[in-house]
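In: Got a predicted structure plus its sequence, pasted below:
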Amino acid sequence: MKNLLLIPLLVILCGQAFQSSVAAERPNIILVFIDDMGWGDFSCFGNDDAATPNIDRLAAEGVRFEQFYVNSPICSPSRVAISTGQYPQR
């Protein structure tokens, strides 16, 4: 009877160990989506007028994208496009 109770416990423990190893392999992704701000507004992209040390540190430790396309110059359709993967016209 004791062995029958240990089997579900072992299954749960093995499943949790597998999930934690898979989660450790996934990348951490931070998407900064700011309205009315261009890529040249950060000091890491060459702006000398505004200091953005925290953004600069994120850019230095991660990936900086220098070419991109925004689906709309207005915030509402561009947010919907990024969350749904659809063009604003759809």
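Out: Looks like it came in fine.

In: Tell me how many other residues surround Phe42.
Out: Look at Phe42: counted by other C-beta atoms under 10 Å, it has 20 neighbours. Bear in mind the C-beta positions are built from the backbone N, C-alpha and C, glycine included.

In: That one against Ala51, yeah?
Out: No - if you go by C-beta atoms under 8 Å, Phe42 and Ala51 don't touch, sitting 9.7 Å apart.

In: Can you read off the pLDDT for Ala24?
Out: Note for Ala24: predicted pLDDT of 64.

In: Mind listing what's buried along stretch 69-77?
Out: Buried residues in stretch 69-77, counted by 16 or more other C-beta atoms under 10 Å: Pro77.

In: what's the first-to-last distance across it?
Out: 13 Å (C-alpha to C-alpha, to the nearest Å).

In: Give me the distance from that stretch to the chain's centre.
Out: On the basis of C-alpha atoms, centre = their mean, to the nearest Å, stretch 69-77 sits 19 Å off its chain's mean C-alpha point.

In: could you give the mean pLDDT of that stretch?
Out: For stretch 69-77, the mean confidence score works out to 76.

In: Let me know the next secondary structure element after the lowest-mean-pLDDT helix or strand in the chain.
Out: Least confident helix or strand of the chain, by mean pLDDT, DSSP states H and E, is helix 2-25 with a mean of 56. Downstream of helix 2-25, the first helix or strand assigned by DSSP states H and E is helix 53-61.
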